[in-house]
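Peer 1: A predicted structure for the sequence below; I have some questions about it.
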Amino acid sequence: MKNSVKLISIFGAAFFFLSISLSMAQKPGAAWVVPAKYKSMKSTIKAGDASINSTGKELYNKNCKSCHGSKGLGDGPKAASLKTSTGDFSSAKFQAYSDGELYYMSFVGRDEMPNFEKKITDESDRWAVVYYMRTLKK
Amino acid sequence: MRIAELIRKSTTSLLTAAIVFGSVTVFAQDETNEAPVKERPARAAFESGLLFDAATTTLQPSKTLEMIIQHRFGTMDNGVTDLFGIWAPSNIRLGLNYSILDNLTVGLGTTKFNKMQDIQIKYNVLQQTRSNKIPVTISLYEVIGIDGSADDKFGIEYKFSHRMSYFSQIIVSRRFNDMFSLQIAPGFTHYNSIDSTMDHERISISFAGRIKFSPQSSVIIGGDFPLQIQAISEHTKEFNDNAEKIKPNLSIGVEVATSTHAFHMYIASAQGILPQEDIMFNKNDFFKSGILIGLNITRLWNF
């Protein structure tokens, strides 16, 4: 009888903690709705521009790394406290977005993804960040 | 005394004129028909508008609120007795800055020592461009201090104006490259009421620099050098030669900046926090145990 009570208690506790963990798990974000104006947006710098690995990398590390991680895997120290998954920048799904879509998602943002238009004010610097995220492809 | 008064009035006039004419110039440019080649402004020379106790030419975009916490422990000269100044009386300033325009910021603050209240204004006159057509950024900076000490500190014939002090500065900075930035800033300090053995005015020159060693971290250095200029002194040269000297405020430390914060951890010699307090009263010698630990934290909110 004693063993049965112990067993039920263990299963009960396991179920309880599993339920909590599942309810706290991050959910993938809903599909982005990017306005047409941004979808067709063209970069003001060329792919391979020298600023991508200097300015783009520096601004990514300063503004994005704390959530998205140094390699864009979504493993930055602040990512765990978010309700929504930050996604994986090295994935084919992410890299399939157009430049304009990445620009909108990165700088206009929504919900937990803050607006960065006032943090990175120069247009070409923003594109350097977009192209830097392209270099995180696996 | 007359020269000093003239300098003070000139600096105040320059600040007012720059704000008025700067605004007029903006309107004038809007009216031209030709589309000029758009110059791209250089990225800010410093990560934050604050470096140690000094202002930099970095201004935040309009509608940005900045909260500042500045903390100075006591000097380290007592060694382990007061844990290198950490247990000694410390000075703290809490401040709020708001960017009204991209090139105009106003601020309010309160400081523990002397219960100083301050009103600050910073205006960017000129912005360095990436093409180097404009090689430097120039800002005008004014700090009005109001000493909140008891009335009897200000003598028998007390007037509210005795509490006032002014600090005016022209800051010239240049971002040389992604790693290295430097600024030089001549300044003028005036106290309405001061000890009879001191001058009401002092001219100073300040320097600040940063060397970035990672995307978020930099080594930062700074110095405020008060100048003893006999021509503006109220006392004889002999008197000044024998008086206790005001020492430069030197600082060196590390800055870590994120998108919304800047942290400064450093050692410095002055404990005053407000620039006029450092430049007028600092007697700590950086090279003779007169150093203390300082910490700054800034936080930005965009609206």
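Peer 2: Everything's here; your move. Note that this is a predicted model, so its numbers are computed, not measured.
Peer 1: who are the contact partners of residue 56?
Peer 2: This is for chain A. Residue A:56 makes contacts with A:125, A:128, A:129, A:130, A:131, A:132, as judged by Cβ atoms under 8 Å, 6 or more residues apart in numbering or on different chains. C-beta coordinates here come from the backbone N, C-alpha and C atoms, glycine included.
Peer 1: oops, chain B please
Peer 2: The contact partners of residue B:56, taken as Cβ under 8 Å, 6+ apart, are B:45, B:46, B:48, B:49, B:50, B:139, B:171, B:173, B:183, B:208.
Peer 1: hmm, 6 Å instead?
Peer 2: Residue B:56 makes contacts with B:46, B:49, as judged by Cβ atoms under 6 Å, 6 or more residues apart in numbering or on different chains.
Peer 1: where does it fall, phi/psi-wise?
Peer 2: Per-residue torsions, residue B:56: phi -110, psi 180 (degrees, to the nearest 10).
Peer 1: got the phi and psi for residue B:104?
Peer 2: Phi and psi for residue B:104, reported as degrees, to the nearest 10, are phi -140, psi 120.
Peer 1: need the helix or strand of chain B with the lowest average pLDDT.
Peer 2: When the helices and strands of chain B are scored by mean pLDDT, DSSP states H and E, helix B:2-31 comes last with a mean of 52.
Peer 1: now whichever residue of the stretch 101-250 of chain B sits closest to chain A. Nearest residue, chain neighbours left out?
Peer 2: Nearest residue of the stretch 101-250 of chain B to chain A: residue B:215, at 3.6 Å (Cβ to the nearest Cβ). Spatial nearest neighbour of residue B:215, excluding adjacent residues (Cβ to Cβ, 6 or more residues apart in numbering or on different chains): residue A:61 at 3.6 Å.
Peer 1: quick check: the one you found touching residue B:212?
Peer 2: No. Counting by Cβ atoms under 6 Å, residue A:61 stays clear of residue B:212, with 11.3 Å between them.
Peer 1: the two: who's more crowded?
Peer 2: Higher neighbour count among residue A:61 and residue B:212: residue B:212, with 19 against 16, using other Cβ atoms under 10 Å in any protein chain shown.
Peer 1: quick check: that one touching residue B:181?
Peer 2: No. Counting by Cβ under 6 Å, residue B:212 stays clear of residue B:181, with 8.3 Å between them.
Peer 1: ok, the contacts of residue A:56 vs chain B, which is closest?
Peer 2: Among the contacts of residue A:56, residue A:125 lies closest to chain B (Cβ to the nearest Cβ), at 7.2 Å.
Peer 1: any idea which element that closest one lies in?
Peer 2: Using DSSP states H and E, residue A:125 sits within helix A:123-134.
Peer 1: low-confidence ranges in the chain?
Peer 2: By default, I'm working from chain A. Residue ranges of chain A with pLDDT under 70: A:1-2, A:15-25.
Peer 1: oops, I was thinking of chain B
Peer 2: Using pLDDT under 70, chain B drops low at B:1-37.
Peer 1: can you pull the residues of it lying near chain A?
Peer 2: Counting by Cβ under 6 Å from any Cβ of the partner chain, the residues of chain B close to chain A are B:61, B:178, B:215, B:216, B:259, B:302.
Peer 1: give me the buried subset of those residues.
Peer 2: When the residues of chain B next to chain A are checked for burial by 16 or more other Cβ atoms under 10 Å in any protein chain shown, the buried set is B:215, B:216, B:259, B:302.
Peer 1: now distance to residue B:162 and secondary structure too, for those residues, in TSV please.
Peer 2: As requested, those are exported to TSV (distance: Cβ to Cβ, whole Å; DSSP: H, G, I helix; E, B strand; the rest coil):
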residue	distance to residue B:162	secondary structure
B:215	48	coil
B:216	45	coil
B:259	43	coil
B:302	40	strand
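Peer 1: so which of those residues comes closest to residue A:26?
Peer 2: Closest approach between those and residue A:26, by Cβ to Cβ: residue B:259, at 21.4 Å.
Peer 1: now residue A:48: how far from residue A:92?
Peer 2: Going from residue A:48 to residue A:92 by Cβ to Cβ, to the nearest Å gives 21 Å.
Peer 1: helix, strand or coil for the residue of chain A found nearest chain B?
Peer 2: Nearest to chain B, among the residues of chain A, is residue A:61, at 3.6 Å (Cβ to the nearest Cβ). What DSSP: H, G, I helix; E, B strand; the rest coil gives for residue A:61 is helix.
Peer 1: do the one 10 residues further on as well
Peer 2: When the structure is split into helix, strand and coil by three-state DSSP, residue A:71 lands in coil.
Peer 1: same deal with residue B:267?
Peer 2: Quick answer, by three-state DSSP: residue B:267 is strand.
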